[in-house]
Every structure is written in structure tokens, then in C-alpha cells.
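Student: Here's my sequence, what's the structure:
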Amino acid sequence: MERVVQFTAPRHVEVAAHASAPLPPGHLRVRTRYSGISAGTELTAYRGTNPYLTRTWDPEARIFRDGAAGIEYPVAGWGYSEVGEVTEVSPELERGSDGERARTAALPRVGDLVWGIWGHRSEGIVPVERMMGHTLPEGLDPLAGAFARVGAIAYNAVLAADIHVGEDVTVFGQGVIGLLTTRLAQLNGARVTAVDALDGRLATARAYGASRTLNALDDAVAESVREATEGRGADVAIEISGAYRALHEALRSVTVGGRVVASGFYQGDGDGLRLGDEFHHNRVQLISSQIGGVPAQLAGRWTVERLQRTFLALVADGLVDVASLVSHVVPAAEAADAYALLDERPADALQIVLEF
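Tutor: Coordinates of the predicted model:
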């Protein structure tokens, strides 16, 4: 039997059981070991705020259309940070029609540990083209594979920020993705100021390379950033918390003509965002970063696949520490408790990983 984590209504989680499906041609079967919970995107479905619950995304026109929901409850198998063991490979992938071996070095073998996206389920049936080159690097802790996607989101924001050595960068939000953004920006040569409302996360941000930290509730963030940069403001701000007030403060924090990368998943109307203020008067560049693609100017060289692989290589080389971000490893049967913790007591958790 296959076990699948699903939302049956806002803030209601269950683990459903289904019969395992036969393996179709061109696919791999993967037995899940770990699956990381996204405290951003997934909580929008858990809380009932995700735009797909009320509108439909038109992929050709690339707009949301009112009138029908793109998804509805039960929302099953969300999750995009999985690690598991290959247990079955479709036979025709192993041998060609002439009986000779048809595999390439990039094709995972039975027994390999692989990373990818197949959702919070005990096994994934995944098209082989999505798993080529996804074997976990030698010696890497399997838990690290659960960071491939979240690491790529952080990496994408840093690429969109176009950071240069010696620039001042302010990162708003120090959850898992924000902390990884802080580290990658620091590796890229930036002097990073980390902003969050939780002191514990700010302490972690210092360990991840932040030169300065500011508490969003207690400190005058924009004024402090300008004071620390001889009145200029930050060259770049990356907003990754998904809070409109944080995005507004990011716009207040940058220099004239500075860049703000909006990488959070913002929900509802923009309460607290005043675009007639600093954004307008300082001619700020506001750039969207979303993991569906890379910055347009880099599309000839970078892909989302390269982002993921490069991030895992940084982890394997010891340049990025992800192990310390795992605050809880929770049996999949207790998924409801894991989501309630992230929703109600975010100060008590960073990365929660479901174990199958």
C-alpha cells in the first residue's frame, strides 16, 4: 500500500492509503525515505490561502482566471523536496530492443538514492527524464537531498539579485530559504544584513554569514540599513518571507536605483505595501523571482536543473550547511502535528522533514 499525505480542508491533514500502481513504461519507482515540508507554499494550501483554490492558472495566457478553482480539497501529495531509494526501473530502460544495455551513466539504478519531486507519499512513480542525474552525490547525507529544491529557490533569488563583490545586501526573512539566501549571498561576495522577527533565526543567520542582523519588530530597519551604508541604502534587498510589509520595508531600504528581489509567495491583497512612497521616488527596480524559471538574462546558461545540482554540489563540498537547519524529523503518520507546529509555533521549528 502507498501512503499519501493530504489536506482534506483548511488545517485538516490525513494520511491516506492507496494500492500501489503498476509501473508504466519510461518510469522509475522510488521508495521515499525523507520528504521536506515547505513552510511557504505548502502552508498556503494548508491554510486555504493558495490562489489555485479560488482561481485557475491559464498556462498559455499566463494569467489567473476567475470563475473556477485550479485545485480543490482534498489536496493530495504536495511536497517538492523528496529523497528515496530506487526500487524498480521500467524494463525497456535497462535494455534496448537489440538486447544490449541502453542505460546511460545518468540513469539511476535499483538501490540508488535519488532526489527529486514526487510529493509527500511513501513511493513515487516518476518519469525517467525527471530523474536523470539525480543520484545523490557520493558521501552526502540523504537528508541533504531534501534541500535541492529549496536551495534552488534561494540560489535563483541570488542570481536575480545580480550581486557584485562588496555590495550591501539585505535579506528579509530568515526561515530555511532565507537562511540559505543569506549564505549564498555571502558566498557571492556580499555584506549581508539579515532581517527577521525571531531572534533565534537571527542568531542562525549570523552563523550563516550575516554581518549584521535586525529584528523587524524592534529595529527601524530601513533607517538602520541606511545608517550602516553611509546614508546610501543597500545595493540590493531580497525579500523571501512572503510578507507585504517586509516587501515594503525592503523597498525603503535600498539605494536610489537599487534592486529588490521579491521571492516570497505573497497571499491576498497587498496590505502594507505603498508603491507611491520610496519605490516611486527612488526609482527602485522590483524584480520577481520564482522557481518556475531562471532570470531571463541567464536563460542561455542556467536552468532550474542546474540550480538544483549546483546547490547540492555546494553542500557536498562543505560550503553550505543544511544539516543544522533540520529541526524536526517526524514520522509521516504524524504529519498533522508537523503542519500545526509550522502554522502555530514557527519560532519552534525550521526545516521539518517527514520520514517514511
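Student: And stretch 109-125, end to end?
Tutor: 14 Å (C-alpha to C-alpha, to the nearest Å).
Student: In the chain, which residue is most central in space?
Tutor: For the chain, the residue nearest the mean C-alpha position is V150 (2.9 Å; C-alpha atoms, centre = their mean).
Student: Does D58 touch A68 like I think?
Tutor: No - D58 is not in contact with A68 according to C-beta atoms under 8 Å; the separation is 10.8 Å. For every residue, glycine as well, the C-beta is placed using N, CA and C.
Student: Just the buried residues of the worst-scoring helix or strand of the chain on mean pLDDT, please?
Tutor: Of all the helices and strands that make up the chain, the one with the lowest confidence by mean pLDDT, DSSP states H and E is helix 91-94; it has a mean of 85. With burial defined by 16 or more other C-beta atoms under 10 Å, the residues of helix 91-94 counted as buried are L93.
Student: And stretch 312-327, by the same measure?
Tutor: L312, L314, V315, A316, V320, V322, L325, V326.
Student: ok so, going back, quick check: the nearest residue to the residue nearest to the centre of the chain once chain neighbours are set aside vs N188, distance?
Tutor: Nearest non-adjacent residue to V150, counting by C-beta to C-beta, 6 or more residues apart in numbering: I177, 5.3 Å away. Separation of I177 from N188 (C-beta to C-beta, to the nearest Å) stands at 16 Å.
Student: Name the residue in the two with the higher neighbour count.
Tutor: Just comparing I177 and N188: by other C-beta atoms under 10 Å the higher neighbour count belongs to I177, 29 against 18.
Student: Can you verify my assumption that the more buried one contacts Y155?
Tutor: No - using C-beta under 8 Å, I177 is not in contact with Y155; the gap is 10.0 Å.
Student: counting contacts, what elements does the strand or helix carrying E85 pack onto?
Tutor: Counting by DSSP states H and E, the secondary-structure element that holds E85 is strand 82-89. Contacting strand 82-89 under the criterion 3 or more C-beta pairs under 8 Å, 6 or more residues apart in numbering; DSSP states H and E are the following elements: strand 27-36, strand 113-116, strand 123-127.
Student: For it, what is the distance to the chain centroid?
Tutor: The gap between where strand 82-89 is centred and where its chain is centred comes out at 22 Å by C-alpha atoms, centre = their mean, to the nearest Å.
Student: Next: stretch 337-349.
Tutor: 17 Å.
Student: So which residues make contact with it?
Tutor: The list of residues contacting stretch 337-349 from outside it, by C-beta atoms under 8 Å, 6 or more residues apart in numbering, reads 11, 13, 37, 39, 42-43, 46-47, 175, 198, 200, 327-328, 330, 352, 354.
Student: Mind checking what secondary structure R149 has?
Tutor: helix (DSSP: H, G, I helix; E, B strand; the rest coil).
Student: Same question for Y46.
Tutor: Once three-state DSSP is applied, Y46 turns out helix.
Student: I'd say it and Q6 touch.
Tutor: No - under the criterion of C-beta under 8 Å, Y46 makes no contact with Q6, lying 10.7 Å away.
Student: what do those two both touch?
Tutor: Applying C-beta under 8 Å, 6+ apart, one finds that Y46 and Q6 are jointly contacted by V13.
Student: Counting neighbours around each, name which of those two comes out higher.
Tutor: Y46 (24 against 20).
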